[in-house]
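Enquirer: from the sequence below, what's the structure:
(one chain, ligands or ions: 2)
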Amino acid sequence: MSLKLGVPSKGRLMEKTFAWFEKRGVSLSRTGSDREYAGKVEGIDNVQLVLLSAGEIPRELAAGRIHLGVTGADLVHEKLPRWEQQVEEIAPLGFGQADLIIAVPSCWVDVDTLDDLDAAATAFREVHGHRMRIATKYHRLVREFLTDSGVADFALVDSQGATEGTVANETAEGIADITSTGETLRANHLKILSDGLILRSQATLWRSREAQYSAQDRATLETLLDMFDSVR
Ligand SMILES: Nc1ncnc2c1ncn2[C@@H]1O[C@H](COP(=O)(O)OP(=O)(O)OP(=O)(O)O)[C@@H](O)[C@H]1O
Ligand SMILES: O=P(O)(O)OC[C@H]1O[C@H](OP(=O)(O)OP(=O)(O)O)[C@H](O)[C@@H]1O
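Expert: Numbers count the residues shown, from 1 in each chain. Ligands and ions are numbered 1, 2, ... in the order given. Predicted structure coming up:
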């Protein structure tokens, strides 16, 4: 048995994760063709690289099918309601920074705060006969945040991508999504509520509390943690 390390299988997260490990003496690489999700690990024995979708890594950690995994804090908090009991945060990796926020049309000049949103939502329901719709893929975090903030009259609609477009497409009145540079929000004429920050996220290395660790796995993990500690 070896220690299984789950890493996003594509894009900026994969490349930056590989670079983070390389700097600490662990070389991760994809093998085979561009389309083959196989990988290898050099610089330490008994570690197996598992290439996965960033969105699936929280579930694999919680199920104990991988021992270590790299993914955003947003995805762990959203997908694992008991995340503190299921995973341990080993290290924030310093990339993949994104804020999960609530945004509304920039032309809503009377709506700048959650209190304003609550008032607008009540008025919206009276006029339109249905609840104000907020498009998001972060259902659990957004529902909890809005409810705790006293915003009651809203309905979440699912959007798995291009979420900022839902307002122009008239399938939602507001959105909750991650933003990094803010360019996508600006391009879609949306503004962030001044108290609409739900979570600050970045790519993070997590350890599963649910996985089985053999004596050899524990020794490998100790060695890895020492290698990580050697570079700050
Ligand atoms: N523009 C961005 N800037 C920085 N981080 C981002 C940005 N977009 C997404 N992220 C982060 O990258 C991680 C993966 O995001 P996302 O779920 O969109 O993955 P993906 O690349 O679509 O992968 P997959 O569809 O395979 O799950 C999330 O933790 C997210 O916070
Ligand atoms: O603030 P910005 O720098 O503009 O980045 C934010 C955008 O990045 C992410 O989308 P991604 O590119 O992952 O595509 P998606 O819409 O398919 O999630 C996110 O969902 C935003 O749409």
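
Enquirer: you'd agree Ser214 is up against Ser2?
Expert: No. Applying C-beta atoms under 8 Å, one finds Ser214 not in contact with Ser2, separated by 9.2 Å. For the C-beta atoms, the positions are set from N, CA and C on the backbone; glycine is no exception.

Enquirer: and the lowest mean pLDDT element among the helices and strands of this protein?
Expert: strand 38-42 (a mean of 92; mean pLDDT, DSSP states H and E).

Enquirer: what is it packed up against?
Expert: Using 3 or more C-beta pairs under 8 Å, 6 or more residues apart in numbering; DSSP states H and E, the elements in contact with strand 38-42 are strand 27-31, strand 47-52.

Enquirer: buried stuff in the shortest one?
Expert: When you say that, I think you mean strand 27-31. By 16 or more other C-beta atoms under 10 Å, the buried positions in strand 27-31 come out as 28, 30.

Enquirer: that one pairs with which strands?
Expert: strand 38-42 (antiparallel) (DSSP bridges).

Enquirer: go on, the last one?
Expert: Paired with strand 47-52 in the same sheet, following DSSP bridges, are strand 3-8 (parallel).

Enquirer: wondering if the strand it pairs with reaches ligand 2 at all.
Expert: No. Judged by C-beta under 6 Å from any ligand atom, strand 3-8 and ligand 2 are separated, with a smallest distance of 11.6 Å.

Enquirer: tell me the first helix or strand C-terminal of that strand.
Expert: helix 11-23 (DSSP states H and E).

Enquirer: how about the nearest residue to the closest residue to ligand 1 within the chain, chain neighbours excluded?
Expert: The nearest approach of the chain to ligand 1 comes at Gly72, 1.8 Å away (C-beta to the nearest ligand atom). Nearest residue to Gly72, sequence neighbours excluded (C-beta to C-beta, 6 or more residues apart in numbering): Ser201, at 4.8 Å.

Enquirer: the one you found against Leu93, yeah?
Expert: No. The criterion here is C-beta under 8 Å, and Ser201 misses it with Leu93 at 11.4 Å.

Enquirer: which one of these two has more residues nearby?
Expert: Neighbour count, other C-beta atoms under 10 Å: between Ser201 and Leu93, Ser201 has more, with 22 against 19.

Enquirer: what's near enough to touch that one?
Expert: Residues near Ser201 by C-beta atoms under 8 Å, 6 or more residues apart in numbering: 72-74, 77, 96-100, 178.

Enquirer: pick out the most distant pair among the residues you listed.
Expert: His77 and Gln97 (14.9 Å; C-beta to C-beta).

Enquirer: specify the beta-bridge partners of Ala135.
Expert: Val157, Ile175.

Enquirer: what about it, neighbour count?
Expert: Other residues near Ala135 come to 24 when the count uses other C-beta under 10 Å.

Enquirer: start the count at 850 instead of 1 going forward.
Expert: Got it, first residue is 850 now, which makes that one Ala984.
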